[in-house]
Each structure stands twice: as C-alpha cells, then as structure tokens.
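Colleague: Let me see the structure of the following:
(2 chains)
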Protein chains: 2
Amino acid sequence: MSEVIKKAAEAKEASVMLATASTKQKNDALLSMAEALQNNQEEILAANAIDLDNLTKKEGYNKAFYDRLKLTGDRVLGMVEGLRELVGLPDPIGEVMGMQTRPNGLQVGRVRVPLGVVGIIYEARPNVTADASGLALKAGNAVLLRGSSEAINSNKALVKVLRQAVAAVGLPAGTITLVEETDRSAVMEMMRLNTYLDVLIPRGGASLIKSVVENASVPVIETGTGNCHTFVDRSADLQMAEEIAFNAKTHRPGVCNAMETLLVHQDVAEDFLPGMVERLTVAGVEVRGCEKTQRSADNVVAATEEDWYTEYLDMVLAIRVVDSLDEAILHINKYGSKHSEAIVTSEYHNARVFQSHVDAAAVYVNASTRFTDGGEFGLGAEMGISTQKLHARGPMGLTALTSTKFIINGDGQIR
Amino acid sequence: MSEVIKKAAEAKEASVMLATASTKQKNDALLSMAEALQNNQEEILAANAIDLDNLTKKEGYNKAFYDRLKLTGDRVLGMVEGLRELVGLPDPIGEVMGMQTRPNGLQVGRVRVPLGVVGIIYEARPNVTADASGLALKAGNAVLLRGSSEAINSNKALVKVLRQAVAAVGLPAGTITLVEETDRSAVMEMMRLNTYLDVLIPRGGASLIKSVVENASVPVIETGTGNCHTFVDRSADLQMAEEIAFNAKTHRPGVCNAMETLLVHQDVAEDFLPGMVERLTVAGVEVRGCEKTQRSADNVVAATEEDWYTEYLDMVLAIRVVDSLDEAILHINKYGSKHSEAIVTSEYHNARVFQSHVDAAAVYVNASTRFTDGGEFGLGAEMGISTQKLHARGPMGLTALTSTKFIINGDGQIR
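Modeller: Got it, this is the predicted structure:
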C-alpha cells in the first residue's frame, strides 16, 4: 500500500467520526490546535529554518518564494488567531433546509453534512497547513494535505503538533494527514483517488491549478487566477473612479483580486486619463495602453493583444478606452478570468446592466475589487476563491466545504 | 475547427443571451418546443424507425436497448407534457440571497445565475434530448448534446424541430446543439472542452459514467449507480417492513432507486424472513443470502462478497442478517453507492442514528427507496440523480443547473 493510500484511508476513517462530532468537540479541537502551535513554536520555527536553509543552497532561488516559505513568530501567531476565530463561527453542519410534507405524507428535506475528505495540494506557504486544516475541521471534514517539497520540514512539524492536539481532545489524529512523499508521482496518485477523496482543492500558481484540473478524476474546485477589470463609465464620479482604480491596482498588486486592466469610456478618457496615469506612474506602475490611451496620457507603452489576457500580479496595468458600456462588458467577458469586476458609474441602468451581464464570481458597483475575500464578504474565513461555477463560486467559506443529503421520514409509504 | 468546437461555440454564444432572457421568453420557448414536437411527430417517428431498423440489422442486438431506443406517439406525448410542466415551475434565475450590509457600508449578496453551457452525454433514450434541453433552458442554460450513435437519426430529427421552435420565439437556435459526429473521439473532445463547457452530465450505464469521470477535465456531475439497501430493525413493524421491502425490490427493479440488498436485524430474522422470502420468490425474485438467511428461509442461494457490491437492476436480491444497527450502517457505508438507503424501525433513537450516520444522497425512515425522484421530492423535474457530494446531491432539479455570483454595491469603498 502506497503512503498516499495509507494516509487517505486514515483520513477517510477519521471523516466518519468527524461527520457526527458535536460543535463543542470540533471547537475544543480548534482551541487545542491553537494552543499547541503556540507551545511548540520553537520546534516549528526550527523545522522551517531547515527548509529555508535548503532553499538558499539551490542555485538561483526565488526571493519571493523564500518570503512565502518563511515562518516567523508573527506568522505562527497568525495561524493561532485564525484557528481561534473559527471557534466563533457558526457550525454549518446539521442545518435542515426546505423540509416539506408531500401529498402522500412523506416529509422530505435536506440536511447539511460535511464533504468528507478534502484533498489540498498547495505551494510554499506553510500557514495553509494550519488554516486549511482548521477550516475543514470546523465543517466536519478530514484533510489530506500535500504541500510543496520545499516546505516539507515545516509541514511535518506543523502536522505533528496539530495531530497531537486533535487527538488530545478525543478526535482522531487522522483528521489531519500529510503526504510526506515529495515525489510528483504522489500528487498524481492523489488526483485519481476517487475512492477516498471527495474533493481536491489546488492552491497556488496557475500552472499547478491547470495541472490538477487536467489530470484529476477527483472532483476539483478551481481557485485563483484573477484578471480583474475596473470600468470607468461616462457618468462616473471621476474622483471616486481614480481612488477605486488606484486602490485596486496598488494596494496589494500581487494578489488575485488586484486590478489588471482599466477600461475607460471614451467620453471621459481625456478628462480622466492624464491624472490617473500620472498618479499610477508616480507610484511606480508601468502603464500599457491602447492607442487612445497613449494619445490621452504620457508615459504609456503600447499594449498588445496579450496584455488584455495577462494577470500581471505586479505593478503593471493595461488601459483600454472603449466606446460604450457594451464594449466594456464584451471585453471583460472575453479576456477576464471571471474573478472580480467593477464598474464606476452614476447611472442606475448601467449599474444594473453591468451586474447582470458580466459573468464573474464577484461583480462590483462603485467599489474596489480588492474586497473579494471571505472576511470582507462576511464569511468569516476562506479556503481560497473559486473561479468555477460548480459547487462554490467566489470566496469559499465553511459552507463551501459541506454537502447536503435528503432525509425522508415516512410511516410506511410505498410507490 | 472540429464539429464539436463549432457546436460548443454556438452554444456558448447562445448562453450569453439566455443568461439575461426573461422568464416569459423562456416559457414561450418551452411551449413552442412542445407544440413543435406535437406537430412534427410523423417526421420524428420516421427518423426513429430508421434507427430501429439499423439496430435490428446488427448481430445479437439487445432487446432492452431496442425498447429504450423506440419512440411511440405516447413517448412523444411524454416529452410534450414534460416541456409544458416546466412552464409552471418557478424560474430559479435572479433570486438574490443573503444580501447584507457590511460595517464599511458595502452591500454584499449573491444572485442565482445559469451555469452557462451544459454538456450531456447519454445513451439510447431519445427522450433525454427533449427533457434535458427543456430543463436546461428553463434554468437559462444552453446544451451541447451527445447521444449514442444508435439514436443519431432520432436525435437529429428532434433537435432540428426543437431548434426551429426556440428560434421562432426569438431565442438563439444555439440554445440546443447536437454533436452529430458519432465517432468516440468526439466524446473525448467534449470531455476536455473547459473553455466552452461549464459542466458535463453523463447519463447512462456505469461504464459510460466511469469513463467520463476518469477522462473529463470539464467539471462532471456523476449520476446513477444505486446499490440501495433497506434495513429491517429489531423494532420494525414487520408487516410495514415487508411492504416496503417488497415495493423497493419489485416495483421497478431496473431503476437506480430499487433495493438491491435487504439487511435484517438478527432478533427478527426468524419471524420476518420466511414470509418475506416466500413472497419475493413467488414474485419471481432470485434471493441470495448469508448463512443465517439460508437457515431462516427456503430457496436462498449462498451470497458471495461480490453480491454485496452488486447493483443487479434485476429481479435478484441479496439478504444479510446483521447483529445490530451499527453493523447495518457499517455494511451500507462500505458496500453502498451512496444513493438511497432506508431503515424500518419504531425506535426514535435508531431512526436518528441511521439518518445521521448513513452517508448517502437520500436516507429514509419507514418508506420505500423508490421515492428518490425529482417529482416525488417536490423538485418538479429532474436531470438525473447525483451520487457525488459536490454541487448537487440526489435528484437534480432546476437549481442544480444554476450557479451564483456575488454582487457588491458600494459608494466609493476602497481598502
């Protein structure tokens, strides 16, 4: 039996107990996990130091990757607080929905249940280990984790501590399992494990996600890519538009809800673009624009067709002047990644048309796309942002980690 | 450009218009489709006759397959009525859910939207062509259909009529598209068409479904296999138990919600089994049982381990005597296909334990598993019965063919 199957079977067995665990048991486990992380911080940071050391020995290692891999006292505290916050969220499991009595007297309704075993394939950040495990546990699920090989020592230390903490309050240690085999074949095996895994969530760069979507037979929830737009309509309050666009681009350019292309209605391009582009340029943003943008403002490089498709995740912005609201919507639906899209307008009709015609997980009127986040949307915590339409769309909170089953109560009904 | 891509692109374009079509437009299209089927019945039956004729020319053709392929005036009328019934169902699109105002003044909620393009891969029954198209359309989706090669003439005739009917009321003909290429490579191409298809629903036998689950990169909703159980608890009203079990096995043995294994608590085995087995045997059911079953009743063949896993879809039943409720639940969760499971009991606690511990799409107390059906559950109509946990579980009504998007209304909020 391979390591992957052994661990998956352990998780599956744990998931059976978790499905009927009480809210108190699950909250006790979360508090125990938080305390254990705090008490074993030294051990965790020492393991992380080995990973960091191994990374720096590699030729041409990536500085950004090093930063994501690095744990500090503050980052451990972040995990601890994340786990404690989950305790306060309502337990989604057991909610009964739509119970009705049918003409034949059968009572039929649905009850919310856990998914079962959630497989998570992720990249450098070791904090995902604690965050994802806690979120899955609160919704009654076991996890089978597979982090990147560079984080293996950190993840092993974290999982060891978390498993002991869960077992200490009487829930199975198999609630949290980690695939330690760092060979790629282990990931491939995980992707085909339909008998044990109920869902697979890849978290990381575009190539990881693409590989999982293409190779998995286990149902996948696709997360991530955000080629987000802001459209400045002809009736926009131009001061508001500038604040929103500047925030969406520069507040945190490396994340998926940052703006990548700014669309501007031709009627306001002359008034709006010079100041906007200057402010962006001064802030260090490289601007690439269509011909009209180049005519309206200085320091604009010519944009190519490829720019419209690109998620820069960097201080680069594409700008295009469009003829109309319809052209803006067509552009977004063609080039966007269906993540977060915004219009700045003062026309009621245009706000409504934009919101109904743009096909994306989150469609904004007069606000920055940076708000697409579980916490900001009031979901409490999130397991990533789904860009697919099946099962979960947008920030995935606890409910996204659940399923339902029909319950039917009769007194002898037959067909 | 291949036929599959050409058709998929047509469906995708149609789906953009359908997403904002009014309820009236969609209902008009459904009524137009129903009328067109009625008016063109001769043409449809003539095309079906060609398919039937081709099938009988094949060596050793399957009689059951022939029956499923065959259309009659009554079956066309069934499609017509199915389409008309959809008109009366509430339109799920546009419902706004959970709209709340966040502390920063942002209004955040979700609105129900269509999935987009639904791919359906199905086997002999040509009525799926009309039923699935109608259901998808009511929920604002376009379909890309791929029926079996044996039904190609029937499906072409049906789709021609349906497309004209949809176009006649001003919706795009691309609402309903059919892959006419009968080569298997067309199916493979469909399974990898993530750019155009939002979901793939296979409808048919176990091998078709397995092939789609294993090969598709498009998100799949798995339907079908039902290895369903009825557990007769020690406290069951034995007369009720006999009626329920007899109904679940014999009412329509060839469908997925029929019972395949009967579990009996050892305390009532001696009282219950002789009469039950005799009634089943007289009705023509072959009974395969564990040793205790064989000791309790006559005419029982020895069951093997494989029997517990088998979905007979036939007049065959496996019977096992179990020590306890727990053993019954373990058996079901190990051998079952997570479709429909029933307990017959008079103990409140046991009813609750069974319903919370059995992991299946539909869990019954004191009723026949035969009720697992969209109509019986009050969903109006169904697109099959999902046995997976993601997105939809159990009978899939109109809501299962929808997604949601977040809508966010602000007045200049930035982070």
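Colleague: For A:K334, which non-adjacent residue is closest in space?
Modeller: A:W308 (8.0 Å; CB to CB, 6 or more residues apart in numbering or on different chains). From N, CA and C alone the C-beta is placed, and that goes for glycine too.
Colleague: Can you pull the phi/psi pair for that neighbour?
Modeller: phi -60, psi -30 (degrees, to the nearest 10).
Colleague: what does the stretch 201-350 of chain A put close to chain B?
Modeller: A:213-215, A:217, A:219-221, A:237, A:240, A:243-244, A:246-248, A:251, A:333 (CB under 8 Å from any CB of the partner chain).
Colleague: can you tell me which of those residues are in helices?
Modeller: Of those, the ones assigned to helices by DSSP state H are A:213-215, A:240, A:243-244, A:246-248, A:333.
Colleague: Contacts only, for the residue in the stretch 251-400 of chain A positioned nearest to chain B.
Modeller: In the stretch 251-400 of chain A, the residue that lies nearest chain B is A:A367 (3.0 Å; CB to the nearest CB). For A:A367, the contact set (CB atoms under 8 Å, 6 or more residues apart in numbering or on different chains) comprises A:244, A:342, B:106, B:408-414.
Colleague: and the residue nearest to it when sequence neighbours are not counted, what is it in contact with?
Modeller: Closest residue to A:A367 in three dimensions, ignoring its sequence neighbours and counting by CB to CB, 6+ apart: B:G410, at 3.0 Å. For B:G410, the contacting residues are A:364-367, B:105-107, by CB under 8 Å, 6+ apart.
Colleague: Which helix or strand contains B:G410?
Modeller: Element membership for B:G410 (DSSP states H and E) is strand B:402-413.
Colleague: quick one, that strand and helix A:238-250 angle?
Modeller: 120 degrees (axes from the mean of the first three to the mean of the last three CA atoms, to 10 degrees).
Colleague: Buried ones in strand B:402-413, by neighbour count?
Modeller: Judged by neighbour count (16 or more other CB atoms under 10 Å in any protein chain shown), strand B:402-413 contains these buried residues: B:402-410, B:412-413.
Colleague: Also stretch A:259-271?
Modeller: Across stretch A:259-271, burial judged by 16+ other CB under 10 Å covers A:259-265, A:268-269.
Colleague: my guess is A:L144 meets A:V187, correct?
Modeller: No - look at A:L144 against A:V187 with CB atoms under 8 Å: they stay out of range, at 11.3 Å.
Colleague: Show me which of the two is the more surrounded one.
Modeller: A:L144 (28 against 21; other CB atoms under 10 Å in any protein chain shown).
Colleague: what does the host helix or strand of the more buried one rub up against?
Modeller: A:L144 is part of strand A:142-146 when elements are defined by DSSP H and E. Contacts to strand A:142-146, defined as CB under 8 Å, 6+ apart, come from residues A:4, A:7-8, A:11-12, A:14-15, A:18, A:116-122, A:129, A:132-133, A:136-137, A:155, A:159, A:172, A:174-179, A:186-187, A:190, A:196-197.
Colleague: Let me see the contact set for the residue of the stretch 201-350 of chain A found nearest chain B.
Modeller: Residue nearest to chain B within the stretch 201-350 of chain A (CB to the nearest CB): A:N247, separated by 3.7 Å. Neighbour list for A:N247: A:368, A:370, B:414-415 [criterion: CB under 8 Å, 6+ apart].
Colleague: Any idea how many residues pack against A:G82?
Modeller: 18.
Colleague: Quick check, it in contact with A:A132.
Modeller: No - A:G82 lies out of contact with A:A132 (CB under 8 Å); the separation is 10.2 Å.
Colleague: Do I have it right that A:G226 meets A:S337?
Modeller: Yes - with contacts counted by CB under 8 Å, A:G226 reaches A:S337, the gap being 6.0 Å.
Colleague: Between these two, which contacts overlap?
Modeller: Taking CB under 8 Å, 6+ apart as the contact definition, A:G226 and A:S337 share the neighbouring residues A:311, A:387.
Colleague: More neighbours: which of these two?
Modeller: A:G226 (26 against 20).
Colleague: can you pull the contacts of that one?
Modeller: Here A:G226 is in contact with A:255-258, A:260, A:311, A:337, A:339-340, A:372, A:385, A:387 (CB under 8 Å, 6+ apart).
Colleague: May I ask which helix or strand encompasses it?
Modeller: Under the assignment given by DSSP H and E, A:G226 is not contained in any helix or strand.
Colleague: What does it show for phi and psi?
Modeller: According to degrees, to the nearest 10, A:G226 has phi -130, psi 100.
Colleague: what's the pLDDT at A:S207?
Modeller: We have a pLDDT of 87 for A:S207.
Colleague: Compute the distance between it and A:T225, please.
Modeller: Separation of A:S207 from A:T225 (CB to CB, to the nearest Å): 11 Å.
Colleague: Kindly report the same for A:G384.
Modeller: Per CB to CB, A:G384 is found 11 Å from A:T225.
Colleague: joint contacts of these two?
Modeller: Common neighbours of A:G384 and A:T225 are not found (criterion: CB under 8 Å, 6+ apart).
Colleague: out of the two, which sits in the busier spot?
Modeller: For A:G384 versus A:T225, the count of surrounding residues by other CB under 10 Å is larger for A:G384: 25 against 19.
Colleague: check contacts around that one.
Modeller: A:201, A:203, A:221, A:223-224, A:395-396.
Colleague: got the phi/psi numbers for A:L115?
Modeller: Here is the backbone geometry of A:L115 (degrees, to the nearest 10): phi -70, psi -40.
Colleague: what number of residues lie near the nearest residue to it once chain neighbours are set aside?
Modeller: Excluding its sequence neighbours, the residue lying closest to A:L115 (CB to CB, 6+ apart) is A:D198, at 4.5 Å. If you count neighbours by other CB under 10 Å, A:D198 ends up with 22.
Colleague: repeat for A:S22
Modeller: Using other CB under 10 Å, the number of residues around A:S22 comes to 11.
Colleague: Can you report phi and psi for it?
Modeller: Per-residue torsions, A:S22: phi -80, psi 160 (degrees, to the nearest 10).
Colleague: what secondary structure does A:S207 sit in?
Modeller: Assigned with DSSP: H, G, I helix; E, B strand; the rest coil, A:S207 falls in the helix class.
Colleague: Which of the three states applies to the nearest residue to A:E3 once chain neighbours are set aside?
Modeller: Nearest non-adjacent residue to A:E3, counting by CB to CB, 6+ apart: A:E181, 5.0 Å away. Assigned by three-state DSSP, the conformation of A:E181 is coil.
Colleague: Roughly how far does A:E181 sit from B:T230?
Modeller: 43 Å.
Colleague: Between those two, which has more neighbouring residues?
Modeller: Neighbour totals were compared for A:E181 and B:T230, and B:T230 leads with 30 against 17 (other CB under 10 Å).
Colleague: Helices along the stretch 201-350 of chain A, start to end?
Modeller: With DSSP state H, counting those that start in this stretch, the ranges of helices along the stretch 201-350 of chain A come out as A:206-215, A:238-250, A:266-282, A:291-296, A:305-309, A:325-335, A:348-357.
Colleague: Please identify the most buried of those helices.
Modeller: helix A:238-250 (a mean of 22; mean count of other CB atoms under 10 Å in any protein chain shown).
Colleague: and that one with helix A:266-282, angle?
Modeller: Calculated by the same axes, to 10 degrees, helix A:238-250 forms an angle of 50 degrees with helix A:266-282.
Colleague: Just the C-alpha atoms of helix A:238-250, please, in PDB.
Modeller: Below are the C-alpha coordinates for helix A:238-250, written out as PDB (Å, rounded to 0.1, in the frame of the first residue of the first chain):
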ATOM      1  CA  LEU A 238     -14.100  60.800 -11.700                       C
ATOM      2  CA  GLN A 239     -12.600  61.400  -8.300                       C
ATOM      3  CA  MET A 240     -14.200  58.200  -6.900                       C
ATOM      4  CA  ALA A 241     -13.100  56.300 -10.000                       C
ATOM      5  CA  GLU A 242      -9.500  57.400  -9.500                       C
ATOM      6  CA  GLU A 243      -9.500  56.300  -5.900                       C
ATOM      7  CA  ILE A 244     -11.000  53.000  -6.700                       C
ATOM      8  CA  ALA A 245      -8.700  52.300  -9.600                       C
ATOM      9  CA  PHE A 246      -5.600  53.400  -7.700                       C
ATOM     10  CA  ASN A 247      -6.600  51.200  -4.700                       C
ATOM     11  CA  ALA A 248      -7.400  48.200  -6.900                       C
ATOM     12  CA  LYS A 249      -4.100  48.300  -8.700                       C
ATOM     13  CA  THR A 250      -1.600  49.400  -6.000                       C
END
